[in-house]
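Q: below: sequence and its predicted model.
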Amino acid sequence: MKKISHTGEVRKVEADMVWVAIVASGACHTCRAREFCGMSESSEKLIEVRTSDAGTYTPGERVVVSEEQAMALRAVLIAYVGAFAVLLLVLIGALACGLSEGLAALASLLGVGGYYGVVYLLRHRIERKIYFAIRKE
């Protein structure tokens with residue numbers, strides 16, 4: 001299975017969690033998966049990696065963080081496509097019910113807020129399906 005990998009630096013280590021800073025490099029510009037991972041949008045991202053061997057990592061250490069391409073696609077679907085679908089459906093439904101455009105837009109934004117609230121409540125379930133792997137460089 002194809003993997004999306006980035007080299008990073010360990011910033012913080014706890015019992016079962018490692019925080020890794022990933023810096024977008026020149027290679028991100030030519031990567032075909034850059035639309036999915038979002039690395040091209042900013043210069044540095046902090047990624048939380050849950051691992052049972054967190055104690056073997058130390059701050060400042062260089063590591064490689066990877067994720068299967070299918071998981072990255074699933075994350076994009078949840079974060080962007082799902083929110084857009086809710087926005088569009090609520091907007092069309094509100095307009096069909098006769099609400100003014102302003103109220104329909106407000107209802108759409110509230111719908112998206114509710115969607116992200118549900119995603120937040122389900123975050124522990126989602127993180128079992130979408131996770132990062134870590135290895136020493």
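A: Looks like it came in fine.
Q: shaky segments in the protein?
A: Applying pLDDT under 70 to the chain picks out residues 24-42.
Q: so the residue of the chain positioned farthest from its centre, which of the three states?
A: The outermost residue of the chain, judged against the average C-alpha position, is Gly98 (35.9 Å), by C-alpha atoms, centre = their mean. Three-state call for Gly98 (DSSP: H, G, I helix; E, B strand; the rest coil): coil.
Q: and Ala75, backbone torsions?
A: phi -60, psi -40 (degrees, to the nearest 10).
Q: output the contacting helices and strands for the lengthiest strand in the chain.
A: For the chain, the strand reaching the highest residue count under DSSP state E is reported as strand 3-13. Judged by 3 or more C-beta pairs under 8 Å, 6 or more residues apart in numbering; DSSP states H and E, strand 3-13 is in contact with strand 17-23, helix 34-37, strand 62-68, helix 69-76. Backbone N, C-alpha and C define where each C-beta goes, glycine included.
Q: possible to save the ones you listed as CSV with mean neighbour count and distance to Asp53?
A: Shown next, in CSV, are the helices and strands packed on strand 3-13 (neighbours: other C-beta atoms under 10 Å; distance: least, C-beta to C-beta, whole Å):
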stretch, mean neighbour count, distance to Asp53
strand 17-23, 19, 9
helix 34-37, 16, 24
strand 62-68, 17, 12
helix 69-76, 16, 20
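Q: the ones you listed: which one's closest to Ser52?
A: When the helices and strands packed on strand 3-13 are compared by C-beta to C-beta, strand 17-23 sits nearest Ser52, at 10.6 Å.
Q: check the offset of that closest one from the chain's centre.
A: Distance of strand 17-23 from the chain centroid (C-alpha atoms, centre = their mean, to the nearest Å) equals 14 Å.
Q: Glu48 versus the most centrally placed residue in the chain, what's the distance?
A: Residue closest to the average C-alpha location in the chain (C-alpha atoms, centre = their mean): Ala75, at 5.6 Å. According to C-beta to C-beta, to the nearest Å, Ala75 stands 13 Å off from Glu48.
Q: alright, that wraps it up for me.
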